[in-house]
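**Student:** Predicted model, plus sequence, below.
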Amino acid sequence: DQQVKQNSPSLSVQEGRISILNCDYTNSMFDYFLWYKKYPAEGPTFLISISSIKDKNEDGRFTVFLNKSAKHLSLHIVPSQPGDSAVYFCAAREEAQKLVFGQGTRLTINP
Amino acid sequence: EAGVVQSPRYKIIEKKQPVAFWCNPISGHNTLYWYLQNLGQGPELLIRYENEEAVDDSQLPKDRFSAERLKGVDSTLKIQPAELGDSAVYLCASSLGDSQGTQYFGPGTRLTVL
């Protein structure tokens, strides 16, 4: 039973345009949501997070939106840059430091 | 500041052989995690330590997997004997254990069992 789902295995976006990565979850007890970015042969790197009591968090080119009623969150990257090409993982905190990860979405930024 | 260190980066072994992975967390991080990542999937938690105590090992296959974190710093994850299905990336992460609980990952060990 997948509690955190990223339904798009891959996404291709033109450089300079907006990238939108989506994530759905089923457990209403999740209290924190995080996005991680992963390059090949490296571990996941923390990107941005949002508390379940907020609906938006922004950090530079990255914005995460949370829609609790729909159990949906999204990561917006604008403008997209070639260095943003990576696999992005959505994660949700279930209890006391336990994270549940989605399957990941491979983002490719085309020049 | 140094990140999470893992070794080896790559390991190839025959099935039924033992294997061990080592992790050194970020200095001052009391919480340490071992994750398993299969190809095309997100990381899945195997075990979580608070200092030297394993507080969540419910997903660790205890018939063949074991872990330890002596002195509450470095940790070792062992598989004995390894099976073909154990081929994956083994990730170590650490965190401060604060309210936000952001976890910082090492580069992982890619295990191939032949």
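**Tutor:** Thanks, I have the structure now.

**Student:** got a list of what residue 32 touches?
**Tutor:** Just going to use chain A. By C-beta atoms under 8 Å, 6 or more residues apart in numbering or on different chains, A:Y32 lies in contact with A:S49, A:I50, A:S51, A:S52, A:A92, A:R93, B:Q100, B:G101. Using the backbone N, CA and C atoms, a C-beta is placed for each residue, glycine as well.

**Student:** The chain in question should be chain B.
**Tutor:** B:L32 touches B:C23, B:P25, B:R48, B:Y49, B:R69, B:S75, B:C92, B:A93, B:S94, counting by C-beta under 8 Å, 6+ apart.

**Student:** now, which of those residues sits nearest chain A?
**Tutor:** Distance to chain A, by C-beta to the nearest C-beta, is smallest for B:R48 among the contacts of B:L32, at 6.6 Å.

**Student:** So which of the contacts of B:L32 reach chain A?
**Tutor:** Of the residues in the contacts of B:L32, proximity to chain A by C-beta under 8 Å from any C-beta of the partner chain holds for B:R48, B:A93.

**Student:** Same list, the contacts of B:L32, but as a markdown table with distance to B:Q41 please.
**Tutor:** Listed next are these as a markdown table, based on distance: C-beta to C-beta, whole Å:
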| residue | distance to B:Q41 |
| --- | --- |
| B:C23 | 20 |
| B:P25 | 23 |
| B:R48 | 19 |
| B:Y49 | 23 |
| B:R69 | 25 |
| B:S75 | 22 |
| B:C92 | 17 |
| B:A93 | 16 |
| B:S94 | 22 |
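
**Student:** just checking, which of the contacts of A:Y32 belong to strands?
**Tutor:** Among the contacts of A:Y32, DSSP state E puts A:S49, A:I50, A:S51, A:A92, A:R93 in strands.
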